[in-house]
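> using only what follows, build the 3D model:
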Amino acid sequence: MITMLVIILTLVSLIDVTINSAIDNRSTDIKAEQRLRSDLLKDYISYKPPSADTTTVQIKFILKHFSFNEEDDNFEMSTWVFLEWQDSRLAWKPEDYSNIDETKIRSMFIWRPSCSFKNVDQLNDDANTEWVKPSAVCKLMSEGNVTCALQLYHQTNCEAKLNNWPYDTKNCTFIFIARRSVPIHSEQHHRVKFSFPPEKTALNSLTYGPGWDLIDYNSSITQINGTSIQFNFVFQRQALGFVTIVIIPSLATAAFTLCSVFLDFRCYIRIVMISFSLLIHFSLLEIMSVFLPFHEVATPFILLFNCASIIVTTCVILLTVTLNMLLRMQITSASKIVSFNESVLGTSLKYFIVPKWKVISTGETEYSINNAEIRINLASIVNSLFLYVFLVVYLILYCVLMPQPEGFKQ
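This is a model prediction of the structure:
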């Protein structure tokens, strides 16, 4: 019994020694870091700036998220702002603290630039929806480099360009100014100079808002009467759904109108197809009126494209009626129309007469057949001429008025 008790006590002692040894080994770095923080803050005065005259603070913006409020036409942006400066009082030798070359410390214990960034559009807004959330800790490097962060949320109105709808764009501008958030009397003669290299704007972690893509941005800093930082963002609507609803049907109806010109004007099917095409055009205009943004006054090019296509379709209807009236004309062999037909059909231009219709024989006399052939040849020439005119008009309309997406410009 005594032997068993001795063995148990021995095992408990060995386990206790092992655990204490492991804890001590694991906590060596923690103890060194605690000693480092204690030494750094021992004689540190948090309300005194690092230098007597000017402290240069480098700024880095990381855009995290953006979204549009379609009802109010507002652009909302969430941003992390990293402030980096040099404070020689917070430098140390890593070899004196277990080779620790960086640590974190609570921001309330050290000096920080006592300012935040406000959007100029919100300075005099009583219902200010902006907020700034500073980070609780800052990162220190052994060289005395300090990095703290601010989380910003801002709203602004954007300049919309609706002409290219549904690939319309919004140009959003933020102008941030550094405003002192806490008046500290000891800093009255101290100046904070902000440095903002353009490459210090990061978009790789940006979460895109629903329905929009970022296609261009630029930034700049101004040191006149204080520090102001300007961001310009250009966003483009994600238009895949509108392409299937608006763009493709618009092109299809235009092609439908052109194809109807190839049909024989003497058949009722041509006038039925043209009338159906005209009905589709008006239906498209009604559909577009549902999806068009209501906050803008600019006229989208796709709307002008469809209106121009309605005019072309109406011209095809008038052309069809005119050709049928031409078919009933009485033309003598000596008329100028016969000479005109021969001058076109007797040259290489005859290969461009598409389609070229033939006389439908109904048991009439030879004179009547010749007269009908003259009329049908004239109708073929006139129809072909207008076909090429309509084709050129549609090509111009497509190049000038058809919306096209823009790529990312950076």
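> check contacts around Val321.
By CB atoms under 8 Å, 6 or more residues apart in numbering, Val321 lies in contact with Ile271. Quick note: C-beta positions are derived from backbone N, CA and C, even for glycine.
> go on, Ile317?
With CB under 8 Å, 6+ apart, Ile317 has these contacts: 271, 274-275, 278.
> from Ile45, how far off is it?
88 Å (CB to CB, to the nearest Å).
> hang on, the earlier thing: ok, the contacts of Ile317 vs Pro300, which is closest?
Using CB to CB, Leu278 is the member of these that sits closest to Pro300, with 20.7 Å.
> just give the nearest non-adjacent residue to that closest one, would you?
In space, and not counting its chain neighbours, Leu278 is closest to Thr313: 4.9 Å by CB to CB, 6 or more residues apart in numbering.
> which element is that neighbour on?
In this assignment (DSSP states H and E), Thr313 forms part of helix 301-326.
> how about the helix or strand that that helix is followed by: buried residues?
Sequence order places helix 336-345 as the next helix or strand after helix 301-326, per DSSP H and E. By neighbour count on 16 or more other CB atoms under 10 Å, the buried set for helix 336-345 is 337-338, 341, 344.
> tabulate these (JSON lines), appending distance to Gln404 and pLDDT.
Below are the buried residues of helix 336-345 laid out as JSON lines (distance: CB to CB, whole Å; pLDDT from 0 to 100):
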{"residue": "Ile337", "distance to Gln404": "45", "pLDDT": "77"}
{"residue": "Val338", "distance to Gln404": "48", "pLDDT": "79"}
{"residue": "Asn341", "distance to Gln404": "43", "pLDDT": "82"}
{"residue": "Val344", "distance to Gln404": "38", "pLDDT": "86"}
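> before we move on, back to that, just the contacts of Ile317: which are in strands?
With strands taken from DSSP state E, there is no overlap with the contacts of Ile317.
> which of the residues you listed are buried?
In the contacts of Ile317, the ones that pass as buried (16+ other CB under 10 Å) are 271, 274, 278.
> ok, of those residues, which one's closest to Asn74?
Leu278 (40.4 Å).
> that closest one: what's it in contact with?
Contacts of Leu278 by CB under 8 Å, 6+ apart are 310, 313-314, 317.
> ok, it to Phe291 distance?
For Leu278, the distance to Phe291 - CB to CB - is 22 Å.
> now Thr54
55 Å.
> which strand or helix spans Asn164?
Using DSSP H and E, Asn164 falls outside every helix and strand.
> pLDDT weak spots in the stretch 251-400 of the chain?
Applying pLDDT under 70 to the stretch 251-400 of the chain flags the ranges 295-296, 330-334, 361-369.
> same question, the stretch 51-200 of the chain
In the stretch 51-200 of the chain (pLDDT under 70), the answer is 70-73, 114-132, 178-190, 197-200.
> tell me where it has strands.
Counting by DSSP state E, counting those that start in this stretch, the stretch 51-200 of the chain has strands at residues 54-69, 74-86, 102-106, 115-119, 131-134, 137-141, 145-161, 169-180, 191-195.
> tell me which of the ones you listed sits nearest to Asn377.
Across the strands of the stretch 51-200 of the chain, closest to Asn377 is strand 145-161 (CB to CB), at 50.6 Å.
> what's the angle between that closest one and strand 54-69?
Per axes from the mean of the first three to the mean of the last three CA atoms, to 10 degrees, the angle that strand 145-161 makes with strand 54-69 is 40 degrees.
> can you name every helix or strand that strand 145-161 contacts?
strand 74-86, strand 115-119, strand 131-134, strand 137-141, strand 169-180 (3 or more CB pairs under 8 Å, 6 or more residues apart in numbering; DSSP states H and E).
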